[in-house]
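In: Got a sequence here, can you build the structure:
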Amino acid sequence: METTRQRIAEALREEPATASDLGESLSLPTPVVYDHLTHVSRSVDGDGEFLVAPPTCRDCGFDRFDDPVNEPSRCPECKSERIEEPAFVIR
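Out: Residues are numbered from 1 along each chain as shown. Below you'll find the predicted structure:
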C-alpha cells in the first residue's frame with residue numbers, strides 16, 4: 001500500500017497538477033496536500049526533478065512569491081486576492 005506522499009509523487013509524474021487538483025483526486029483537504037508537497041519536493045532525488053509553476057496574481061501578473069510551494073492569500077504588489085494556484089510536476 002502506498003503512502004499519501006507516494007501517491008502524490010506518482011500523480012505528479014503523470015501530469016502537472018495544482019494542490020486543489022491533487023486534493024480532489026486523492027480525497028485530501030488542500031492544506032494537507034500543501035504540507036505533503038513540501039516533503040515530496042525534498043524527497044525527489046535521482047528519479048526526477050520537482051518543478052513548480054509559481055502562483056500568479058490574476059490582476060497584476062506578479063509571480064515572484066517567496067515560497068512557490070504554498071498558496072499565498074494575497075499579492076504583495078497590488079494586494080489582490082485573485083491568485084492563481086501554483087502547479088506542480090515531477091519530470
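
In: downstream neighbour of the host helix or strand of Q6 in the secondary structure list?
Out: Taking DSSP states H and E as the criterion, Q6 maps to helix 4-14. As assigned by DSSP H and E, the chain's next helix or strand after helix 4-14 is strand 17-18.

In: which strands and helices sit next to that following strand?
Out: Helices and strands touching strand 17-18, as assessed by 3 or more C-beta pairs under 8 Å, 6 or more residues apart in numbering; DSSP states H and E, comprise strand 87-90. Every C-beta, even on glycine, is put in place using the N, C-alpha and C of the backbone.

In: Can you list the buried residues in the helix holding Q6?
Out: 4, 7-9, 11-12 (16 or more other C-beta atoms under 10 Å).

In: Make TSV out of those and add pLDDT and distance to T56.
Out: Formatted as TSV, the buried residues of helix 4-14 follow (pLDDT from 0 to 100; distance: C-beta to C-beta, whole Å):
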residue	pLDDT	distance to T56
T4	97	27
R7	97	27
I8	97	22
A9	96	24
A11	97	22
L12	97	19
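
In: Buried residues, stretch 44-60. List them.
Out: Neighbour counts over stretch 44-60 (16+ other C-beta under 10 Å) mark 44, 50, 54-57 as buried.

In: For this protein, which residues score under the pLDDT cut-off?
Out: In the predicted model, the chain carries no residue with pLDDT under 70.

In: And the single longest helix found in it, what does it pack against?
Out: The longest helix of the chain (DSSP state H) is helix 30-43. Secondary-structure packing of helix 30-43 (3+ C-beta pairs under 8 Å, 6+ apart): helix 4-14, helix 19-26, strand 50-53.

In: With just CA atoms, put the second one into CSV.
Out: Taking C-alpha atoms only, helix 19-26 is exported to CSV below (Å, rounded to 0.1, in the frame of the first residue of the first chain):
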residue,chain,number,x,y,z
ALA,A,19,-2.9,21.2,-4.8
SER,A,20,-6.6,21.5,-5.4
ASP,A,21,-6.5,19.0,-8.2
LEU,A,22,-4.5,16.6,-6.1
GLY,A,23,-6.8,17.0,-3.1
GLU,A,24,-9.8,16.3,-5.2
SER,A,25,-8.3,13.2,-6.9
LEU,A,26,-6.8,11.8,-3.7
